[in-house]
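Visitor: What shape does this take:
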Amino acid sequence: GKSSKGVIVKEKDADGKKIFRFEDRKRYDVIECEKPIVPETDYETAMFEGGSRIKILVASSNIGNASVQELDSWVPKNAPHTDIVVFGLQESTYKATISEVDDEVNEATVALLNAELAFDDEQAEQGTAENAEKASTYAAAESKGGGGGGDYFEDDDDEDDEDEKPAKHTHEEKLSGSRHLLLAIQRQLGDDFVLLERVMRGQMRIRVYIRKSLAAKVKNVEIGAENTGLGHVYANKGGQGVKFELANTSIVFVNSHLAAHESAAKCNKRNSNVREIFGGLRFGNKLYDMTQFDHVIWCGDLNYRIEPPQSLSKAAAMKKVKAMIEKDDFDGLWEMDELQREMKAGRAYANFNTARTNFKPTFKVERSVATNYNPKRIPSYCDRVIWKSLKHLQNNLQCHAFNGCHAFATSDHKPIIARFAITPTPKVNICEWPSFNGKGFDFFPQLKFFELRARDLEAMDEGVTLQKIESKQESFMSAQVLNKNDDQNDDQDDNSTIASTSTTGTNKRSSKTGNVEKRSSKASTPKKNKGWTIGAAKSDPYCSIHTYPIELKAASTDVKTETVMQALSPVFETEPILSLRVANGEQLRNASFKISVIDYDALNSDDVIGSAEFTFQELLEGQDDDGIFMFERDVVFKGNVRGIICGKIEVNIPDFIKGNFPHKSRCIEDKTLTITARPASCCVVS
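Guide: Sure, this is the predicted structure:
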């Protein structure tokens, strides 16, 4: 059978009994938007008007360092039925004309503009300091021969491409352009919108506006920026982010300008830019990337191109693409879209969603109202909006519109606009004391993880290490669960050693019966040391399990496995138990959890290799008759697939789909809990 995000593979074991394996390897979703931008009367009521959902307008444009003459062809006047408007701007530095600078504005607006211009100066100074620090880091890596600087002195811009060269203006000229641009945006939105937060680096800006009536309800605001341009430090390329919470919902907005030009090498550089931006925009728990929050919406000039068949000459490719544009063959153009190819391969924005481009390419065009393409460049969908939600909240964010604004005339890019609606994140009722049907117990509903193993992990350590040569590790997983290529992957880790064994679980559950059984003597026999060898450093991985919301996890300590030293395809022997503070089974609809594979570092902070995300609903739907859920899926970090994890989960939670609790008897007392006294009133789990 199929689920919304994977495939349930039905097989039979040696005794002929059915077993299941849930494979979730789909790395992106394509969304068909409901309709294009339509008159305001067709829009659903926004939250500020009493509606139930947060209505968002995302407007992104590479404005080509040219004066913006009008915004009506891009952003609806006063942004009707909208709670939040996000502007992502690239190449947004220009000199305004005297008439534009001398526009009459009221005293309050003058004060606002002065504050804004002062902020621009402050951001420029902060960016300069960040550049200096980052440059020294890359220079140190270069001097050690570690390759950390890579193409440190390489510039994105071709010498014959004047449109993409950084604009050279005096400080006063830049201020005049900023004053004109900010005033134009505020006039377009009207007085009912206020600036929530903004970030500026070089020619890139993100500006988040919100209705006045909602501004006081926003909390936990964070901002950040990461430059990825010349030398990995300058702000001709990079990303800026704003994170905040509204109506119990955490949202991250990102604007970025990635590496330019056509070629496989430039595509790889764009992918590298994405990872660098992920690494630099660390909000909340700094160990994890921005996908720890409910929703991420990312816009900008991502610069991914249309790639015709390589067998065609440049002239033939240009002719083919332009003929498809004239026929409105958007499906054919989509098949050649570089971004969705990279997403599907897991090389960039893995697990993100993208809307179909059912309009003409936005780049590279003449600066006119018409859409006429530059004869030197293959037209492409460089300007995009993508997004990702926590797995249990995927249906809470919907993209209703995504369009190119082809009447906009001042740039060699046409702007884009997207409309989103977010259903606020439901609160999960957290239970402080385990209780079923009014009777106290020493356990909460639980998940037990066993036979966990990973393969093809990314090497996080550098240099070489002294490693033991050992006999091959015995696999605890059934042949039906493992990939056919596992024997090859296991050979990579014949020299793995295990350290720091945890005590969160010692017995193994049978995949056939769910009963506890002792490990076989073959599996528990220590591996024989065959000697020592020098090898390339790998990783020291362990698994850590965390919930969303974080309060759902009952244990005050980390729920994790032991660390397997110097391994890229480790087998974990520990069987962690995740206890859940749910008030009732229905609460688990509004929650999810992740298994993160983390690299242990004795001298510095640990580093995430990648995470795999699960919902409780998919466990209930995908478990076998004995309540065992078997899985195999990618581990992802910074939008990049960095390995695979597989294993089994004993599903000992209330079944909110069928309304029962079939495996309550398998729950055990969790020694990691810190509850010392039962409160006067406690919840009931049914």
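
Visitor: Show me the helices in the protein, by range?
Guide: Along the chain, the stretches classed as helices by DSSP state H are 98-101, 107-143, 171-189, 212-215, 264-280, 314-326, 330-335, 338-345, 486-491, 521-524, 616-622.

Visitor: Going by neighbour count, which residues in the fourth one are buried?
Guide: Within helix 212-215, the residues scored as buried using 16 or more other C-beta atoms under 10 Å are Leu214. (Each C-beta comes from the backbone N, C-alpha and C, glycine too.)

Visitor: next one: stretch 358-369
Guide: Buried, per 16+ other C-beta under 10 Å, within stretch 358-369: 358-365.

Visitor: So of those, which two are at opposite extremes in space?
Guide: Spatially, the most separated pair among the buried residues of stretch 358-369 is Asn358 and Lys364, at 20.0 Å (C-beta to C-beta).

Visitor: Chain neighbours aside, what residue packs nearest to Val641?
Guide: Gly346 (3.2 Å; C-beta to C-beta, 6 or more residues apart in numbering).

Visitor: Let me know how buried that neighbour is, in neighbour terms.
Guide: 18 (other C-beta atoms under 10 Å).

Visitor: how much space is there between it and Glu586?
Guide: 34 Å (C-beta to C-beta, to the nearest Å).

Visitor: next one: Gly190
Guide: Counting by C-beta to C-beta, the gap from Gly190 to Glu586 is 42 Å.

Visitor: mind listing what the residue nearest to Val641 touches?
Guide: Residues near Gly346 by C-beta atoms under 8 Å, 6 or more residues apart in numbering: 27, 634, 636, 640-641.

Visitor: Where does pLDDT dip in this protein?
Guide: 1-29, 31-43, 97-174, 434-442, 467-530, 669-686 (pLDDT under 70).

Visitor: burial count for Gly239?
Guide: Neighbours around Gly239, by other C-beta under 10 Å: 28.

Visitor: mind listing what it touches?
Guide: Contacts of Gly239 (C-beta under 8 Å, 6+ apart): 204, 225-226, 228, 254-257, 273, 277, 280-281, 300.

Visitor: close enough to count as contact, Tyr209 and Leu195?
Guide: Yes - with contacts counted by C-beta atoms under 8 Å, Tyr209 reaches Leu195, the gap being 5.8 Å.

Visitor: Compare neighbour counts for the two and give me the winner.
Guide: Tyr209 (23 against 18).

Visitor: who's that one bridged to?
Guide: With DSSP bridges applied, the residues forming beta bridges to Tyr209 are Val85, Leu195.

Visitor: Same check on Lys560?
Guide: Ser544.

Visitor: Excluding chain neighbours, what is closest to Ala79?
Guide: Counting by C-beta to C-beta, 6+ apart, the residue nearest Ala79 is Val85, at 5.2 Å.

Visitor: Please name the residues that touch the closest residue to Gly610 other than its chain neighbours.
Guide: Counting by C-beta to C-beta, 6+ apart, Val635 is the residue found nearest to Gly610 once chain neighbours are left out, at 2.9 Å. Applying C-beta under 8 Å, 6+ apart, we find Val635 in contact with 454, 457, 595-597, 609-612, 641-645.

Visitor: give me that answer again for 10 Å
Guide: Neighbouring residues of Val635 by C-beta atoms under 10 Å, 6 or more residues apart in numbering: 350, 454, 456-458, 541, 543, 594-597, 608-613, 641-645.

Visitor: same deal with Val608?
Guide: Contacts of Val608 (C-beta under 10 Å, 6+ apart): 287-289, 460, 544, 596-599, 635-638, 642.

Visitor: what's the spacing between the nearest residue to Glu342 once chain neighbours are set aside and Asp383?
Guide: Nearest non-adjacent residue to Glu342, counting by C-beta to C-beta, 6+ apart: Ala348, 4.4 Å away. Distance of Ala348 to Asp383, given as C-beta to C-beta: 16 Å.

Visitor: residue contacts, the closest residue in space to Asn220 that isn't next to it in sequence?
Guide: Distances taken as C-beta to C-beta, 6+ apart put Glu245 closest to Asn220, at 4.7 Å, once the chain neighbours are dropped. Residues in contact with Glu245, defined by C-beta under 10 Å, 6+ apart, are 217-222, 251, 293-294, 425.

Visitor: Among the residues you listed, which one lies nearest to Asn62?
Guide: So of the contacts of Glu245, ranked by how close each gets to Asn62 (C-beta to C-beta), first place is Ile251, at 23.6 Å.

Visitor: OK, contacts around the closest one?
Guide: 54, 56, 84, 86, 208, 218, 242-245, 293-297, 389, 397, 420, 422, 425.

Visitor: mind running it again at 7 Å?
Guide: 244, 293-295 (C-beta atoms under 7 Å, 6 or more residues apart in numbering).

Visitor: picking that back up, restricted to strands, list the contacts of Gly239.
Guide: 204, 225-226, 254-257, 300 (DSSP state E).

Visitor: okay, these in a markdown table with neighbour count and distance to Ala264 next?
Guide: Output for the ones in strands among the contacts of Gly239, formatted as a markdown table (neighbours: other C-beta atoms under 10 Å; distance: C-beta to C-beta, whole Å):
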| residue | neighbour count | distance to Ala264 |
| --- | --- | --- |
| Met204 | 29 | 25 |
| Ala225 | 23 | 28 |
| Glu226 | 25 | 24 |
| Val254 | 26 | 25 |
| Asn255 | 30 | 26 |
| Ser256 | 28 | 20 |
| His257 | 30 | 20 |
| Gly300 | 28 | 21 |
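
Visitor: out of those residues, who's nearest Arg377?
Guide: Nearest member of the ones in strands among the contacts of Gly239 to Arg377, counting by C-beta to C-beta, is His257, at 16.9 Å.

Visitor: Verify the stated contact: that closest one with Asp301.
Guide: Yes - in terms of C-beta atoms under 7 Å, His257 counts as a neighbour of Asp301; the distance is 4.9 Å.

Visitor: which neighbours do those two share?
Guide: Gln90.

Visitor: Next up, the contacts around the closest residue to Ile56 other than its chain neighbours.
Guide: Residue nearest to Ile56 in three dimensions, not counting chain neighbours: Phe420, with 4.3 Å by C-beta to C-beta, 6+ apart. Counting by C-beta under 7 Å, 6+ apart, Phe420 touches 56, 58, 297, 397-400.

Visitor: Of Gly190 and Glu586, which one has the most company?
Guide: Set side by side, Gly190 and Glu586 show more neighbours around Glu586, with 14 against 11, by other C-beta under 10 Å.
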